[in-house]
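In: Show me the folded form of this:
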Amino acid sequence: MLNKAELKVIQNTIRRLEANNDRCSIQVQDALNNRNLRIYLDSWILPSLRLLIDEQRTSRDLKLAVDLSS
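Out: Have a look, this model is predicted:
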């Protein structure tokens, strides 16, 4: 189980990696809007992070999150 600090770090990371992030520089925003990076983030990174913080997660969800991030 994640502690409050770990949970907050993952939630902040998800927010910063989402497409409509207004908390970063123009250069980072341009990178986040890159089509190939966006597909990668939306397909592999963000789903695995969301699985880690889901309150209803199962051991299968955690294994999937680890597999997606490997």
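In: For the rest of this, base every contact and every neighbour count on C-alpha atoms.
Out: Fine.
In: residue contacts, the residue nearest the centre of the chain?
Out: With distances taken as C-alpha atoms, centre = their mean, the chain has residue 46 as the residue nearest its mean C-alpha position (3.0 Å). Going by C-alpha atoms under 8 Å, 6 or more residues apart in numbering, residue 46 touches 14, 17.
In: any idea which helix or strand carries it?
Out: Secondary-structure assignment from DSSP states H and E places residue 46 in helix 46-53.
In: Off-centre distance for that helix?
Out: A distance of 6 Å separates the C-alpha centroid of helix 46-53 from that of its chain, computed with C-alpha atoms, centre = their mean, to the nearest Å.
In: who does the helix or strand just after it touch, helix- and strand-wise?
Out: Scanning forward in sequence from helix 46-53, with DSSP H and E defining helices and strands, the next element found is helix 59-69. Packing contacts for helix 59-69, counted by 3 or more C-alpha pairs under 8 Å, 6 or more residues apart in numbering; DSSP states H and E, involve helix 46-53.
In: can I get the CA coordinates of the helix it packs on in CSV?
Out: Coordinates of the C-alpha atoms in helix 46-53 are reproduced here as CSV (Å, rounded to 0.1, in the frame of the first residue of the first chain):
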residue,chain,number,x,y,z
LEU,A,46,-0.2,6.9,-17.6
PRO,A,47,-2.3,3.7,-17.5
SER,A,48,0.3,1.9,-15.4
LEU,A,49,0.6,4.9,-13.0
ARG,A,50,-3.2,5.0,-12.7
LEU,A,51,-3.3,1.3,-11.9
LEU,A,52,-0.8,1.9,-9.1
ILE,A,53,-3.0,4.4,-7.3
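In: how about it: buried residues?
Out: By 16 or more other C-alpha atoms under 10 Å, the buried positions in helix 46-53 come out as 46-49, 51-53.
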